[in-house]
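J.: Based on what follows, work out the 3D shape:
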Amino acid sequence: MAKKDAPPRWDRKMQQRLARGEAAALGELYDRFASLVHGLAHRVLGDDRAADGVTREVFAHVWEHPEAYDPKEGPLRTWVAALTNRLAVQRLRATETAALTGDGPGSTEELELKVRHASVAARADYIVQSMPAPLRAALDLAYFQRRDYRQAAADLGVTEDEARRRLRLGLQLLSTAHDVGAPGTPPEYGGAA
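T.: Take a look at the predicted model:
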């Protein structure tokens with residue numbers, strides 16, 4: 001049995017391959033994480049073009065600095081998500097600061113509030129994407145398809161008690177999006193810039 005804190009073998013091998021400069025490794029990494037990266041960036045920035053730019057920046061950074069990922073700190077997926085969030089927030093701050101130049105004294109507070117909201121939204125998106133499929137399916141039925149727990153139970157083929165349990169647990173996980181450093185949120189490590 002592997003040590004609890006040992007990173008997945010794929011993560012370690014991918015870092016080694018990137019450090020050796022294997023272009024195929026970057027392609028595999030892109031195939032695995034591009035939708036996550038673009039989705040998180042779009043959630044923060046609200047713009048496809050800007051999200052495309054951040055996606056390019058993230059994979060360029062990973063390619064140029066594979067040593068920045070420390071497998072002892074956690075999974076490669078979490079590091080890539082944290083890097084994405086950091087770069088997207090930097091871009092949002094730069095864009096908003098440029099747009100607010102010359103505005104009144106409330107502009108800095110408005111910018112920080114917007115950045116905070118975007119960060120919470122990105123963390124919530126990350127949490128939903130990372131939660132187990134049964135919880136995600138229950139939340140999808142309840143909140144996007146407007147099913148009550150009884151209908152969700154029938155659609156999922158589970159008992160009503162199980163449907164309520166899945167919804168409750170999914171909502172508990174999602175509620176941690178407001179908590180910095182909550183379980184399931186991307187930690188701030190890996191030194192991006």
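
J.: quick check: domain ranges of the chain?
T.: Structural domains of the chain, as assigned by automatic domain parsing, span the residue ranges 9-130, 132-180.

J.: Kindly reformat the ones you listed as CSV containing mean neighbour count.
T.: Quick note: C-beta positions are derived from backbone N, CA and C, even for glycine. CSV is the format used below for the domains of the chain (neighbours: other C-beta atoms under 10 Å):
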stretch, mean neighbour count
domain 9-130, 17
domain 132-180, 16
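
J.: how about these in a markdown table, adding mean pLDDT?
T.: Formatted as a markdown table, the entries for those read as follows, by pLDDT from 0 to 100:
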| stretch | mean pLDDT |
| --- | --- |
| domain 9-130 | 84 |
| domain 132-180 | 86 |
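
J.: Residue 138 and residue 167: what is the separation?
T.: For residue 138, the distance to residue 167 (C-beta to C-beta, to the nearest Å) stands at 5 Å.

J.: What ranges does the chain have for its helices?
T.: Remark: helices of the chain, listed N- to C-terminal, are 9-19, 23-45, 48-64, 76-100, 107-130, 133-139, 149-156, 160-175; assignment by DSSP state H.

J.: Tell me the spacing between the most centrally placed residue in the chain and residue 153.
T.: Nearest to the geometric centre of the chain sits residue 126, at 3.5 Å (C-alpha atoms, centre = their mean). Separation of residue 126 from residue 153 (C-beta to C-beta) stands at 27 Å.

J.: quick revisit: closest to residue 70 out of the helices of the chain?
T.: Put simply, out of these the one that sits nearest residue 70 is helix 76-100, at 7.9 Å, with distance taken as C-beta to C-beta.

J.: for that closest one, the distance to its chain's centre please.
T.: Taking C-alpha atoms, centre = their mean, to the nearest Å, one finds the center of helix 76-100 at 12 Å from the center of the full chain.

J.: Show me what it is packed up against.
T.: Helix 76-100 is packed against helix 9-19, helix 23-45, helix 48-64, helix 107-130, with contacts defined by 3 or more C-beta pairs under 8 Å, 6 or more residues apart in numbering; DSSP states H and E.
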